[in-house]
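[1] Model the following, please.
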Amino acid sequence: MSNVSETEKDPEAGPSAAEPGDPAALTSREPAPGNGKPAATDTPPVAAGTAESAADAPAEDATAAESGAAEGDTATAEAGSTEDGAAKAEADTTAEEAGNAKDGAAKAGDAKGGAAKAGGDTAAGEAGKADGAAQGGERVSLVKADPFGSFAPVPDEEPGKARRVAARVGNAVGEFLGHEWTMAAVGSVLLAAVMTWPTLRNPGTTIPQDTADPTLQAWQMSWAGHILTTNPAQLWNANAFFPSNYSYAFSDTLLGYAPAGMLGSGPVAALVRYNIMYVLIYALAFFGAYVLARQLGARPTGAVVAGAAFAYAPYRLGQAGHLHVLSIGGIALALAMLARGHGFSLRDGYQPDKRRWGWVLAGWLVASWQISLGFGIGIPFVYALLLAVLATAISWGYRHVRKWGVTRPFGWKLFFANLGGGAIFAAVGGLMAYPYLQVLKEHPYARRSEELVGLFSPPLKGFFIAPPESWLWGEAYADARGTLTWAPEMALLPGFFLYGLAFAGLFVSTWRLKHRVWMLVGVLGTVALAMGTHGPGKGEFGYLALYRALPGFDGIRTSGRLVVWTTLFLGLLAAGAVSAFAARAVELFADRTQSEPGDRAGFLPRLATLIPVMLVLFEGAHNTPHPVVPTTPIAMSSVRGPVMVLPSHELFDMNVMLWSTDGFPKIVNGGSGFTPLDQQELRQTMQQFPDEQTVALLRGRHIRTVLVVRSQALGSAYERAIDAPIDGLGLTRTEQGDVVLYKVEDS
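    Numbers count the residues shown, from 1 in each chain. Sure, this is the predicted structure:
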C-alpha cells in the first residue's frame, strides 16, 4: 500500500495547491515579464528555501517533488529540496504516485526543473519549480507575511562587562550587608555607643571613671604605636620610669592595640583614641559572646542575651578604669572561631563535614591577640584553652576508639592548622612573658605574694553586691559595699536578672541536660576560684593551688577577675533558656493562628522574647563619671628629657605619662602596678628640692630639667619647689603659666 501525505489524505488538514487561474493563489515571486525568471523581492532568494517557507506551502513541496519524480530520480529531487523541508513530503510519495504524475509533470516542467533534478542546487531548484508551476498554470505562495512582526518587542541588549561586574559587586555587597554577622557587628557597635554614653560626647577632653589608670592606658597605646614605627627594638624600654629597663612591662601593656596607637599624636589624640577603644571593647565583648552562643546552637534572641550579659554585666562597671580588664571580647570570639573550625556545636555535636581549617587558624590568631592585651586576663585564658584542647582530644580519641565501626575524621589540614596556630599562640605568649620575667628578676618585690592575693580576694557575698557605677543597683548596695575590704575588686555582681535566666536554663533549655550540668559546674568552679583565699579550704583547694602550681598565676593579685568566666557560663545557660522560650512561643502562636512557625506571623512572639534582653541591658546601665583630664602644660611640648615633673606620686604621674605623648621625652615619672624602689627614694628626696643634695642627685642621674606644676604642688610636700631660693645651686628658673621650669646647669 502506498504512502499518502496528510494533505492528500485530507484536503482540510492543511493548505493545498491553488487551483489554476485562482486569483487568490498569488506567488510572492511573480515571474518577470518576458524572461521567465523570478521578480526581485525584499526577501533574498535563499530565504525561499527556509523551513518557514516550507511550512507555509506544503502543497508546493508536493508539486515540486512530483516534478522531480517524473524523471524517475527521487533521490535527486530530495537533494534539491533540502532547505525548504519538502524532502519529507517527497519521502512519503511512492513510486506509483510518481508514475501517475509523470505525464502531467512532463508537460508542465521546463529546463530549470530538470536543472533542479540534475544539479541539486537549492536556489536553481526553487527557480525551476516556480517556473514549472507557473507554466503549468499553478501558482503557489512561498512566503506568508507576519502581520504582527512590526509590533514585536525589541530584544534586550546583553549588558556590557562593566555592568555585569557592577551587578556582581552590588549583589556581593548586598549579601554582605544583609548577613547575620554583619548586622550583629554593626548592632554591637551602635549598642555600645548608647550603653557607654557619654564617652563619645567629648572624647578629646574627658575620660571614663577617673584620670589615673585611664590616662596610663592612653599612654600605653600611644607609646606602642609610636615606638613600633620609629624604633621597635626599644619597645619594652619606655620613656617613663627613667632610667629603669623594661618599664613598659611594669603593668599590662595593651600591646594588641598598637595599630590604633599609630593614628595621630599628642595627648588629645591619645584621649580620643582611648575613648573610641573604650566603646569598641564593649562592642567586641557583645559580638564575641553572641557568635559563640550562635555557634553552639542558640537562637538569635538567646545569643543576644549571652552577648548582653557578657558585655554589660554590672560588675564590669566597677572596672571602667581598667581597659585591660574590660578587654575580654577576644576570649569569646576565639572560642567561637575554634568551635566553628572544628565543626562543633552543643546542639549538633561534632560534624566532620563542617570542618574549616581557616577558622581554626583564625581562632588561634585571635587568641594570640587577646593575650597581648595583658596577662591579668590572659593567663587564665591560656590555661582554659589548654584544658579545652586536652578535653577535646581525650573525648575525640575515646569516641573514635570505642566505636570501631564508626570513623571520626579529623584531617591533616585541621591538624596542621591547630599545630601552627598553637605554635603562634605559644610564641606570642613566650615573647610577652620574657620582659615580665626580666622585671621580676630586677625587681623581685614586684611578685604578688599570697598575703596580697588574700587582701584582694572577695567573699561569696561579693557576687551579689553591685559596684557604685551601677545605675540600677549602685545606691541600693552602698551599705553592703562598706562591708568589703576592697570594694572595687570585690563587688562582682554578674546580674540578678542573669541569675534568674541562668537558673531557668537548668530546667528549660535548648541545650541537652549533660551540657547544662557542665555549665553549672563551670559556674560553681569559677566562683570558687574567683574567691581566692575565701574559697574552699581558704583557697588551698582552689586558687592557691593554681597559684603555687601553674606558672604565671603568681603574677595575678586579683582572683576576683575570674568572674569573667562565671559570667560567660551564666550567659550561655541564659541563652539556652531564652532560645527554648522563643521556640516554644513561636510554636504556640503558630498553633493558635493556624500558621507555619517560619511565617512572618511568628514575629510577635519573637519580639516578646526580647524582654529578657531588655532586662539584662537595663541592669547594665551605668552612671560612670567622665572627668575632664588635666590640660597638658605648654612646656611639655618643648622640654628635652630626661625630665622630672613635680609633684610626683603614682596617680599624678599617670597624667604626666599622658602629657609625654607629645614627643615622648624621657621622664622620671611613672605609675604602674608596683613602684620601683629607686623611684620611691627619688620622690622622697625631691620633696626638699631645690637644695644642694637634690641638685647633686639630679646631676648624678643625668636629669637636667625639673618641671613644677604650681596648681598641683600647692598644699603638697613639694610646695617649696615653687619659689624657694636657688642662689648658688647651679639652677635657672623660669615661669610659663602654671609651670615653674628649672634647668640644672653643668657643674
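[2] hey, let's count contacts and neighbours off CA atoms from now on
    Noted.
[3] is it true that residue 736 touches residue 636?
    No - counting by C-alpha atoms under 8 Å, residue 636 is not a contact partner of residue 736; they are 10.7 Å apart.
[4] Can you pick out the residue with more neighbours from these two?
    residue 636 (21 against 11; other C-alpha atoms under 10 Å).
[5] Would you agree that one falls within a helix?
    Yes - checked against DSSP: H, G, I helix; E, B strand; the rest coil, residue 636 lies within a helix.
[6] Would you mind listing the outside residues contacting stretch 662-677?
    Residues from elsewhere that reach stretch 662-677 (C-alpha atoms under 8 Å, 6 or more residues apart in numbering): 216, 223, 239-243, 250-251, 265-267, 443, 446, 636-637, 639-645, 648-651, 653-654, 656-657, 660, 679.
[7] Among the residues you listed, name the buried ones.
    By neighbour count, with 16 or more other C-alpha atoms under 10 Å, the contacts of stretch 662-677 hold 216, 223, 239-243, 250-251, 265-267, 446, 636-637, 639, 641-645, 648-651, 653-654, 656-657, 660, 679 as buried.
[8] Just the ones in helices from those, please.
    216, 223, 267, 650, 651, 653, 654, 656, 657, 679 (DSSP state H).
[9] you'd agree the first one is up against residue 657?
    Yes - counting by C-alpha under 8 Å, residue 216 sits close enough to residue 657 to count as a contact (6.5 Å).
[10] for the record, mean pLDDT for the helix or strand residue 380 falls within?
    Using DSSP states H and E, residue 380 maps to helix 375-402. Mean pLDDT, computed over helix 375-402, is 86.
[11] Then stretch 422-438?
    94.
[12] same thing with stretch 474-493?
    Taken as a whole, stretch 474-493 has an average pLDDT of 94.
[13] For that stretch, what is the distance to the chain centroid?
    Distance of stretch 474-493 from the chain centroid (C-alpha atoms, centre = their mean, to the nearest Å) equals 37 Å.
[14] quick one: terminal-to-terminal distance for that stretch?
    11 Å (C-alpha to C-alpha, to the nearest Å).
[15] in that stretch, what's buried?
    So, applying 16+ other C-alpha under 10 Å, buried residues of stretch 474-493: 474, 477, 480, 481, 484, 487, 488, 489, 490, 491, 492, 493.
[16] A helix includes the fifth one, no?
    No - following the definition three-state DSSP, residue 484 is coil and is not counted among the residues of a helix.
[17] any idea how far residue 376 is from it?
    Distance, residue 484 to residue 376, by C-alpha to C-alpha: 22 Å.
[18] what ranges do the helices span in the stretch 401-550 of the chain?
    For the stretch 401-550 of the chain, the helices defined by DSSP state H, counting those that start in this stretch occupy 412-442, 450-456, 478-481, 487-490, 496-505, 513-530, 543-549.
[19] ok, now the stretch 101-250 of the chain?
    For the stretch 101-250 of the chain, the helices defined by DSSP H, counting those that start in this stretch cover 111-119, 122-135, 161-178, 180-195, 213-228.
[20] Now tell me what touches stretch 210-219 from outside.
    207-208, 253-254, 270-271, 273-274, 321-323, 625-629, 651-652, 654-655, 657-658, 661, 671-672.
[21] Please apply the same query to stretch 736-747.
    With C-alpha under 8 Å, 6+ apart, stretch 736-747 has contacts from 633-635, 695, 698-699, 703-711, 722, 730-735.
[22] Could you rerun that using 10 Å?
    The set of residues external to stretch 736-747 that reach it, using C-alpha atoms under 10 Å, 6 or more residues apart in numbering, is 633-636, 639, 643-646, 690, 695-696, 698-699, 702-712, 721-723, 726, 729-735.
[23] Which of the residues in it are classified as buried?
    739, 740, 741, 742, 743, 744.
[24] Strands of the chain, start to end?
    Assigned by DSSP state E, the strands in the chain fall at 344-345, 349-350, 643-646, 705-709, 731-736, 739-744.
[25] Looking at those, which is nearest to residue 288?
    The minimum distance between residue 288 and the strands of the chain falls on strand 344-345, with 15.5 Å, by C-alpha to C-alpha.
[26] Could you please name the strands the closest one pairs with and the direction of each pair?
    strand 349-350 (antiparallel) (DSSP bridges).
[27] Off-centre distance for the strand it pairs with?
    That offset, for strand 349-350, works out to 24 Å (C-alpha atoms, centre = their mean).
[28] Next: stretch 433-440.
    Offset of stretch 433-440 from its chain centre (C-alpha atoms, centre = their mean): 34 Å.
[29] Could you do stretch 221-233 as well?
    How far stretch 221-233 lies from its chain's middle: 27 Å, per C-alpha atoms, centre = their mean.
[30] sorry, back to before: which of the helices of the stretch 101-250 of the chain comes out lowest on mean pLDDT?
    Among these, helix 111-119 scores lowest, with a mean of 36.
[31] circling back: which one of the helices of the stretch 401-550 of the chain lies nearest to residue 281?
    Residue 281 lies closest, by C-alpha to C-alpha, to one member of these: helix 487-490, at 19.9 Å.
[32] For that closest one, name the packing helices and strands.
    Packed against helix 487-490 by the contact rule (3 or more C-alpha pairs under 10 Å, 6 or more residues apart in numbering; DSSP states H and E) you find helix 450-456, helix 478-481.
[33] Can you add distance to residue 564 and give those helices back as a markdown table?
    A markdown table is the format used below for the helices and strands packed on helix 487-490 (distance: least, C-alpha to C-alpha, whole Å):
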| stretch | distance to residue 564 |
| --- | --- |
| helix 450-456 | 16 |
| helix 478-481 | 20 |
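[34] Tell me which of these lies nearest to residue 304.
    The closest of the helices and strands packed on helix 487-490 to residue 304 is helix 478-481. By C-alpha to C-alpha, the value is 30.2 Å.
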